[in-house]
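Asker: Have a look; sequence and predicted model below, questions after that.
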Amino acid sequence: MNVALDDLAHAAAISSKNVKAGHGSVAVADVIENAFTQLVGRFGEKNIALRMDVADDLPPVHADEDAVYQIIASLLTNACNESKQNSDVVLTAQAHDEGYVLVTVHDSGESILPEEQENIFKRVYSETGSGLSLAKALTEESGGRIWVESKHGGNTFNVLLPTNHANVS
């Protein structure tokens, strides 16, 4: 419940400051490190290993820094909540095509059925709280795209963020 309330508080704070107006150059690697540091304790409580693989040459993205943090924190929190004890969660970040950064979070949660994959990002999908819907809204507001790929043994949440003003279709 506290996580859901935190998500709503973050959403209100970010919405009120107008995410588009806050766009600038954001060092994604630093934001990931900050989220990792803030959330690693939650993973430890469930004995889940949280690993990162962030490219050294990761370009900055054109977005609001608080929004990028909330996107990453929401995906990591979801991964922690959905993963089995004594499992791994892996976050990767790398340059993707021309002008984008791809951030992925792979968990060991129960596979999401194809017909449920769009619903996973809706607020009314109660099992995930508002974190994933917030991540989707902030990603789209930043000119990016978010989606999930699901296979037996886990899910991979993907976020594509622009390094320039291009929009992802």
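Answerer: Received, thanks. From a predicted model like this one, the values you see are computed outputs, not experimental measurements.
Asker: what about Pro59, is that helix, strand or coil?
Answerer: Put simply, Pro59 is coil when judged by DSSP: H, G, I helix; E, B strand; the rest coil.
Asker: low pLDDT regions in this structure?
Answerer: Low-confidence segments of the chain (pLDDT under 70): 1-21, 123-129, 165-169.
Asker: At which residues are the strands of it located?
Answerer: For the chain, the strands defined by DSSP state E occupy 24-26, 49-54, 61-63, 88-96, 100-107, 145-151, 154-162.
Asker: for the ones you listed, which one sits closest to Tyr69?
Answerer: For Tyr69, the closest of those is strand 24-26, at 9.0 Å, according to Cβ to Cβ. The C-beta positions use only the backbone N, C-alpha and C, and glycine is treated the same way.
Asker: Tell me the buried residues in the closest one?
Answerer: Across strand 24-26, burial judged by 16 or more other Cβ atoms under 10 Å covers Val26.
Asker: how about JSON lines for the strands of the chain, with distance to Asn78 added?
Answerer: Formatted as JSON lines, the strands of the chain follow (distance: least, Cβ to Cβ, whole Å):
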{"stretch": "strand 24-26", "distance to Asn78": "21"}
{"stretch": "strand 49-54", "distance to Asn78": "13"}
{"stretch": "strand 61-63", "distance to Asn78": "20"}
{"stretch": "strand 88-96", "distance to Asn78": "10"}
{"stretch": "strand 100-107", "distance to Asn78": "7"}
{"stretch": "strand 145-151", "distance to Asn78": "10"}
{"stretch": "strand 154-162", "distance to Asn78": "7"}
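Asker: Quick one: the helices in this protein, in order.
Answerer: For the chain, the helices defined by DSSP state H cover 2-16, 28-45, 65-82, 131-141.
Asker: what's the spacing between Ala135 and Asp57?
Answerer: From Ala135 over to Asp57 the distance is 25 Å, taken as Cβ to Cβ, to the nearest Å.
Asker: more neighbours, those two?
Answerer: A side-by-side neighbour count of Ala135 and Asp57, using other Cβ atoms under 10 Å, places Ala135 first with 26 against 7.
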